[in-house]
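Engineer: With the sequence up front, the predicted model follows.
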Amino acid sequence: MKIAVATNDGKTISVHFGKSQYFMVVTVDEGKEVARELRDRSVPSAAAALGFAEDEANTPKHNTDHLADCKVVISRGMGGGMLWFLQQAKYRVILTEVANIDRAINEFIEGRLLNHPEFVQ
C-alpha cells in the first residue's frame, strides 16, 4: 500500500494539503515501510478536468495526479473541497496533529494514527 504525505521539506507534514510542495510517498508492505520517494507536485493536474477550480495562472489549485497509485493521504489540514474531492476518489484521508512524517507513518502502521476531522480548514 502507498501512503501520500503532504510536505514542504520531506520531513514534516504540511499544515495545509493544498499548499504543500511535495508528496512523500511511503510504500508499506506486510506492516513495514519498504520504500519512500519524494514527488514534486508542480506538474499540471487532471483535477481541473474533473471540475476542480483553477487559479489565475490557469493551473489547477490542487494536483492529485501523483496520488493515483496511493490509497491513503495524510496531512495536518486541508480545505473542505479537497477533502470531498479525495473522498469521492476513494482515498482514505487522515488529518493528523503529528508533524513528523516518520512518527506518523509508524503510528499509521501500528493503527494508532488518529484522524482529526476538525482540521478541515
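Structural biologist: Arrived safely.
Engineer: Contact partners for the spatially closest residue to Gln87 that is not a sequence neighbour?
Structural biologist: Setting aside the residues directly before and after it, Gln87 is nearest to Val93 in space (Cβ to Cβ, 6 or more residues apart in numbering), at 6.3 Å. C-beta here means a position set from N, CA and C on the backbone, and glycine is covered the same way. By Cβ atoms under 8 Å, 6 or more residues apart in numbering, the contact set of Val93 is 72-75, 78, 83, 86-87, 115.
Engineer: Tell me which helix or strand Arg36 sits in.
Structural biologist: Taking DSSP states H and E as the criterion, the element that holds Arg36 is strand 32-40.
Engineer: Report all helices and strands that that strand contacts.
Structural biologist: Counting contacts by 3 or more Cβ pairs under 8 Å, 6 or more residues apart in numbering; DSSP states H and E, strand 32-40 packs against strand 22-29, helix 101-109.
Engineer: Contacts for the first one, please.
Structural biologist: Outside strand 22-29, the residues within contact range by Cβ under 8 Å, 6+ apart are 1-8, 10, 33-41, 66-67, 69-70, 101, 105, 108-109.
Engineer: now the strands for the protein?
Structural biologist: Here the chain has its strands, by DSSP state E, at 2-7, 22-29, 32-40, 72-75, 92-95.
Engineer: where in the protein is pLDDT low?
Structural biologist: Along the chain, the model assigns pLDDT under 70 to residues 42-64.
Engineer: ok, now with 50
Structural biologist: Across the chain, the stretches falling below the confidence threshold (pLDDT under 50) are 44-51, 56-60.
Engineer: middle-most residue in it, spatially?
Structural biologist: Compute the mean C-alpha point of the chain, and by Cα atoms, centre = their mean the closest residue is Val73, 3.8 Å away.
Engineer: Report the beta-bridge partners for it.
Structural biologist: Going by DSSP bridges, Val73 is paired in beta bridges with Ala4, Val93.
Engineer: thinking again about what came up before, hmm, which of the contacts of strand 22-29 are the buried ones?
Structural biologist: Among the contacts of strand 22-29, those classed as buried by neighbour count (16 or more other Cβ atoms under 10 Å) are 2-7, 39, 41, 66-67, 70, 101, 105, 108.
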